[in-house]
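K.L.:
please find the sequence and the predicted model below.
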Amino acid sequence: MGDADCLDDRRQASGWCSERTRFGPPLVGESGRRGVRRQVVDVCQPIHVSNVGTIEDASLSYASISAWVESHQGQQFVDLLRQCWRTRAYGDFWSYMLLAEGGVDIACEPVLELHDMAACSIIVTEAGGSFTDLDGRPGPLGNGGYATNGLLHTAVLTQLALRTDDATDDHGG
C-alpha cells in the first residue's frame, strides 16, 4: 500500500489508500466513493474537511518558505501567510492529511513529485476538499499541490497566482 498504488494505467489518480504507520492509522479513500475513512481495526470512520469560509479564519500548513521563493511566488505566499489566522509548517504528506480531517484549511506546496501527491489528491477530494495545480487543474498531474477545504480554493489560487512582474526573482534580480 502506498502512493504509487494510487495511479491507474492512464496515470490518473484512482487509488485508494495512504499509509500512516508513524502517525496513526491509514486514511482510506477510493475515487468515486464520497468520503474517506480512517481505518481502525476493521472499522472505517468518515472524515471531512473543515467548513471555514474565509482566509482570515483559516489555518494553513506548508513545507518550507524557501521552495516558494525559488518558485518565484515568495511574496504571494508571505502575503497569504499574513492573511491567515494560523500558519504551521507541518509539511509534505502530513499537511494534506490534516486538511482532509479538518485540522487545517489550506495545504500547499509549489513543487511536488507525482508520487508525493497521488494519494493526497484522492484523500483530500474524497473528504470534500479541492486539490489542484496552480492553474486550477484538478488532481496531482500539474506543478505543485494546492489543496483547500473547497470553500477557500479560488481565493488561495488567486492569491498565489504568478504575476506578470514575476519574471524577476524575489530578490530583485
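P.N.:
Ah, there it is.
K.L.:
packing partners of the helix ranked longest in the chain?
P.N.:
Longest helix in the chain by number of residues (criterion: DSSP state H): helix 114-126. With contacts defined as 3 or more C-beta pairs under 8 Å, 6 or more residues apart in numbering; DSSP states H and E, helix 114-126 has these neighbours: strand 17-18, helix 92-100, strand 130-132, strand 145-148. Placement of C-beta: from N, CA and C, glycine included.
K.L.:
can you rerun that using 6 Å?
P.N.:
Helices and strands touching helix 114-126, by 3 or more C-beta pairs under 6 Å, 6 or more residues apart in numbering; DSSP states H and E, are helix 92-100, strand 130-132.
K.L.:
could you export these as a markdown table, including mean pLDDT and distance to Pro140?
P.N.:
Conversion of the helices and strands packed on helix 114-126 to a markdown table gives the following (pLDDT from 0 to 100; distance: least, C-beta to C-beta, whole Å):
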| stretch | mean pLDDT | distance to Pro140 |
| --- | --- | --- |
| helix 92-100 | 91 | 10 |
| strand 130-132 | 96 | 7 |
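K.L.:
got these as a markdown table, with distance to Pro46 columns?
P.N.:
Putting the helices and strands packed on helix 114-126 into a markdown table (distance: least, C-beta to C-beta, whole Å) gives the following:
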| stretch | distance to Pro46 |
| --- | --- |
| helix 92-100 | 11 |
| strand 130-132 | 18 |
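K.L.:
switch the ones you listed over to CSV; also include mean neighbour count and distance to Arg82.
P.N.:
As requested, the helices and strands packed on helix 114-126 are arranged in CSV below (neighbours: other C-beta atoms under 10 Å; distance: least, C-beta to C-beta, whole Å):
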stretch, mean neighbour count, distance to Arg82
helix 92-100, 24, 19
strand 130-132, 24, 22
